[in-house]
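In: compute the structure for the input listed below.
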Amino acid sequence: MIAVTIVAVVWGTTFLGIRVAVETIPGWFVAGIRQFLAGIIMLIILLYKKELKWIGWKNLSYQLIFSVLMLIIANGLTTVAEENLSSSLASLISATSPILVFIGSVAIGLQKFSFRGLIGIIMCFCGILFIFWDGLHELANPIYRTGIILLFCAITGWASGTIFTKKMNIQSKNISLNLFYQFMFAGIVQICFAFMFSENYNFGNWSSKSIAAMLYLAVFGSVITFFSFHYALTKISPIQVSILSYFNTIIAIILGWLILDEEISAKFIIAAVLIICGVFITNYNPEMFKKKPKLIDN
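Out: Next up is the predicted model:
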């Protein structure tokens, strides 16, 4: 129960953490340093447990693909997008990623199309319309428009990484070791991007609040939550753990409103309800409310 609570709460706070971090630190630096520090922490853990080893070229190629899609593109672009978007808006749009996973899975034959899935897609689409109902003119602002485009590219990367994982059906014996390679690769690439694409990265302008938020993202948002997530998978089913994504969005919206004074309109609330319900309907499975059977050793 503690592990599940950590995953639900901490992942919900990462959008707020990113928004605070990018107030004075360029997004690519936030993402890159976050992943690199997480990789260093993983390295220390692996060295302590004497589990650091070469994973082979084939497995490495898989880990680099995961890293590109889910850390560099998904996490990195979300971080850069939040330079110009509120944390609540970023979390709400990101909540639509399971819909892209569903559509992509149907397209490549991993999942059958259903009427329930169609209803969920329509509800999510209506939710997106409610978000921009009164703000279509804001898309004329190139900064805001760029942020929205980056965010949609980010959720596409996350969905692609999820589908790739499902398609390959790779069973890992040491997830911590694989994550070390993913974190280090993403961190190095994103830090290179930071020096290439950040217009102003005067380190003296980085506030202590932003630095603290970035460290929080590395330690809690990446490492601790990762361990909690996989520990939770040993106690409850993956479908049950997936329900946490709905709580993440709600927590992110509430925190953005309480701490950053982000405006939450009635239409934004309607959009949140439509998107969360649409994702839930699309991914609903009766098994999500059943306990995971315990394995009995012979």
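In: show me how far stretch 86-100 is from its chain's centre.
Out: 9 Å (CA atoms, centre = their mean, to the nearest Å).
In: how about it, which residues are buried there?
Out: 86-100 (16 or more other CB atoms under 10 Å). Just so you know, the C-beta spots here come from the backbone N, C-alpha and C atoms, and that holds for glycine as well.
In: from those, which ones fall inside strands?
Out: Using DSSP state E, no member of the buried residues of stretch 86-100 falls within strands.
In: nearest to W158 among those?
Out: W158 has its nearest neighbour among those in S97, at 4.9 Å by CB to CB.
In: show me what contacts the closest residue to the closest one other than its chain neighbours?
Out: For S97, ignoring the flanking residues on the chain, the nearest one in space by CB to CB, 6 or more residues apart in numbering is I155 at 4.2 Å. Contacts for I155 (CB atoms under 8 Å, 6 or more residues apart in numbering) come out as 74, 93-94, 96-97, 100.
In: any chance of the residues you listed in JSON lines, plus pLDDT?
Out: As requested, these are arranged in JSON lines below (pLDDT from 0 to 100):
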{"residue": "A74", "pLDDT": "92"}
{"residue": "I93", "pLDDT": "87"}
{"residue": "S94", "pLDDT": "87"}
{"residue": "T96", "pLDDT": "84"}
{"residue": "S97", "pLDDT": "83"}
{"residue": "L100", "pLDDT": "86"}
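In: what score does L52 have for pLDDT?
Out: In this model, L52 is scored at 94, pLDDT.
In: tell me the contacts of the closest residue to it other than its chain neighbours?
Out: Nearest residue to L52, sequence neighbours excluded (CB to CB, 6+ apart): L46, at 4.1 Å. Each residue near L46 by CB under 8 Å, 6+ apart is listed here: 52, 176-177, 180.
In: show me the residues you listed that map onto helices.
Out: The helices, defined by DSSP state H, take in 176-177, 180 from the contacts of L46.
In: from the chain's centre, how far out does the helix or strand hosting V189 sit?
Out: Applying DSSP states H and E as the criterion places V189 in helix 175-197. When C-alpha coordinates are averaged (CA atoms, centre = their mean), helix 175-197 and its chain have centres 15 Å apart.
In: can you name every helix or strand that the helix or strand just after that helix contacts?
Out: Proceeding N to C from helix 175-197, the next assigned helix or strand is helix 208-216, under DSSP H and E. Applying 3 or more CB pairs under 8 Å, 6 or more residues apart in numbering; DSSP states H and E, we find helix 208-216 packed against helix 2-21, helix 27-48.
In: and the buried residues of stretch 86-100, which is closest to L118?
Out: Using CB to CB, those come closest to L118 at I99, 10.9 Å.
In: quick one: contacts for the closest one?
Out: Here I99 is in contact with 120-121, 124, 278-279, 282 (criterion: CB under 8 Å, 6+ apart).
In: and if you look at V20?
Out: Contacts of V20 by CB under 8 Å, 6+ apart are 209-210, 213, 260.
In: which of those residues sit farthest apart?
Out: Maximum distance among these (CB to CB): 13.2 Å, for S210 and L260.
In: make a PyMOL selection of the buried ones in the contacts of V20.
Out: Of the contacts of V20, the buried ones can be selected in PyMOL as follows, counting by 16+ other CB under 10 Å:
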select buried, resi 210+213
